[in-house]
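> kindly generate the corresponding structure for this input.
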Amino acid sequence: MELQFHPASPRRPVRTVTLSERGERILLALAASGAALLLSLWITVPSAAARALRRERAAELVRDTADARAAGGDLEARVRGLRDRAADAGSLASRVAFLYGVPPADWPRGLKPESGLLAPSEPRALTEGIARYAAALDHAAEVLEGRERAAPGLAAVTPSVLPLTAELVEPSAVFGPRVSPWTGAEEFFDGLDLAAPAGTPVIAPADGTVLFTGRVAPSPHSRLSRFGTLVVLGHGPAGGTLFGHLGRLDVRRGQRVRRGERLGAVGNSGWAMAPTLHYELWRRSRGGLAPTDPRFAVLDRKLIDGALSLERMLATSSPEPGETPPGL
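Numbering: from 1, shown residues only. All right, here's what the predicted structure looks like:
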């Protein structure tokens, strides 16, 4: 075996050493011993260092893990909060679209609860869904703005607020099928009963004209006579609204009123066992006027849980519209 030693300076000559067979065996043995020593050090020294640092590193890891989990939980909470706010905005926009008479074909499909954009539970997928939902909300805003440009007075005459000023308001009967508390028979309830303190001001939910005040003459077939003292407002293309069980009237027939203007006060006239406001929303459609759920027109309070699609609201109406409010 020949070994060459190259000096650092190119001016110095290369040294050559020739080993005999015995020398080769000695060199290999020394190399093996050195390798074994290095391997031993490579294993034992880091192990010793790891044992020395284990407690400190473990403590740091625990702290870092806790911080990461807290940050992750905070991120997930924020994403869920964004999802809830997006869903509320979509429901609100869809209710405005319903009140404005926007056709379903013109409405963003992404706002339908069935689209599933807000359904994922994994933060990354949910974030992507929220971004797509936000784009659908932008499109919805453009549709609604276009509707208002086409009919400049539509927003003013569209019922959109709770017709009561009280903070303590409790729905006691809602739109839909029920068993009549008076007759015990099955019936379809065409309005919304709101329990409120006696004397609570009843206000106009939109601009309109007073079409009727007073009571409907009792008859076996008159459901409106059960609601005692009434006020009926006409809202032009937006339909009409009815307010019953009033204890006081503050408007007269033919009077023009603005949104928020006082119509009367809560009472228990008619078939009311306690102070209650009976509220009905009659919407214009191709088949004429028909009652629908008044909660769709309450945009300043949350009276309905869950998301609402435009199609669902359009399908919500009395199967057999009964007695039309006088004047409508």
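> next up, identify which helix or strand the closest residue to Val232 other than its chain neighbours is on.
In this structure, Val232 finds its nearest non-sequential neighbour in Phe212, 4.0 Å apart by C-beta to C-beta, 6 or more residues apart in numbering. Yep, even glycine has a C-beta here, placed from its N, CA and C like the rest. In the assignment (DSSP states H and E), Phe212 maps to strand 208-214.
> off-centre distance for that strand?
35 Å (C-alpha atoms, centre = their mean, to the nearest Å).
> what sits opposite the spatially closest residue to Leu328 that is not a sequence neighbour in the beta ladder?
Nearest residue to Leu328 in three dimensions, chain neighbours excluded: Gly240, at 4.4 Å (C-beta to C-beta, 6+ apart). Beta-bridge partners of Gly240, counted by DSSP bridges, are Gly234, Trp282.
> wait, doesn't Gly240 sit right on Phe212?
No: the criterion here is C-beta atoms under 8 Å, and Gly240 misses it with Phe212 at 9.7 Å.
> what sits in contact with each of the two?
Shared contacts of Gly240 and Phe212, defined by C-beta atoms under 8 Å, 6 or more residues apart in numbering, comprise Val232, Pro325, Gly327.
> could you count how many residues lie near the first one?
I take that to be Val232. 26 (other C-beta atoms under 10 Å).
> so it sits in a helix?
No: per DSSP: H, G, I helix; E, B strand; the rest coil, Val232 lies outside any helix segment and is strand.
> for it, give its distance to Val210.
As defined by C-beta to C-beta, to the nearest Å, Val232 lies at a distance of 7 Å from Val210.
> and the helices in the stretch 201-328 of the chain?
In the stretch 201-328 of the chain, the segments counted as helices under DSSP state H, counting those that start in this stretch are 310-314.
> in the chain, where is pLDDT below threshold?
The chain contains residues with pLDDT under 70 at 1-73, 75, 321.
> where does Tyr100 fall, phi/psi-wise?
Dihedral pair for Tyr100: phi -80, psi -10, per degrees, to the nearest 10.
> ok, it - contacts?
Counting by C-beta under 8 Å, 6+ apart, Tyr100 has contacts Leu144, Arg147, Glu148, Leu154, Thr158.
> same thing with Ser219?
Ser219 makes contact with Ser225, according to C-beta under 8 Å, 6+ apart.
> that one and Gly116, how far apart?
Taking C-beta to C-beta as the criterion, Ser219 is separated from Gly116 by 51 Å.
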